[in-house]
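K.L.:
here's my sequence, what's the structure:
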Amino acid sequence: MLIPAVPYRWLRWNPMFCFWAAYVITRPLGASIADGLGRPRSVGGLGLGDGPVALVLLALIVLVVAHLAVTKADVQRGHEPAAAPESAAARV
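P.N.:
The predicted model follows:
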């Protein structure tokens, strides 16, 4: 995650490019960790099973989204959305 964060933060690279770079870099890492947790011990995993690993991941995602929805920590200040234009009927 820090690999694209450095150019975004200090070199002001395009945010879209940095997002996709982070996505492409971290996706294989996440898949490897999930495989390592879920696969049987006989093939080198921890043997937790795919179902429990998926449920824990789902719970973590729900908790993070709920936290952001309540605290609004992800909302950028100073970038308020533009007001909706008035309709023609409202101006008459």
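
K.L.:
other SSEs contacting the longest helix along the chain?
P.N.:
Longest helix of the chain, by residue count under DSSP state H: helix 15-38. Helix 15-38 is packed against helix 2-10, helix 50-71, with contacts defined by 3 or more CB pairs under 8 Å, 6 or more residues apart in numbering; DSSP states H and E. C-betas here are computed from N, CA, C, even on glycine.

K.L.:
what's the burial count for Lys72?
P.N.:
Lys72 is flanked by 9 other residues according to other CB atoms under 10 Å.

K.L.:
roughly how far does it sit from Val53?
P.N.:
Lys72 is 30 Å from Val53, where distance means CB to CB, to the nearest Å.

K.L.:
how close does Leu11 get to Ile25?
P.N.:
17 Å.

K.L.:
actually, Thr71.
P.N.:
27 Å.

K.L.:
would you list the helices and strands packed on helix 15-38 in TSV and tack on distance to Ala31, mean neighbour count and mean pLDDT?
P.N.:
Below are the helices and strands packed on helix 15-38 laid out as TSV (distance: least, CB to CB, whole Å; neighbours: other CB atoms under 10 Å; pLDDT from 0 to 100):
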stretch	distance to Ala31	mean neighbour count	mean pLDDT
helix 2-10	18	12	75
helix 50-71	11	11	95
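
K.L.:
now these in JSON lines, with distance to Gly36?
P.N.:
Below are the helices and strands packed on helix 15-38 laid out as JSON lines (distance: least, CB to CB, whole Å):
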{"stretch": "helix 2-10", "distance to Gly36": "22"}
{"stretch": "helix 50-71", "distance to Gly36": "9"}
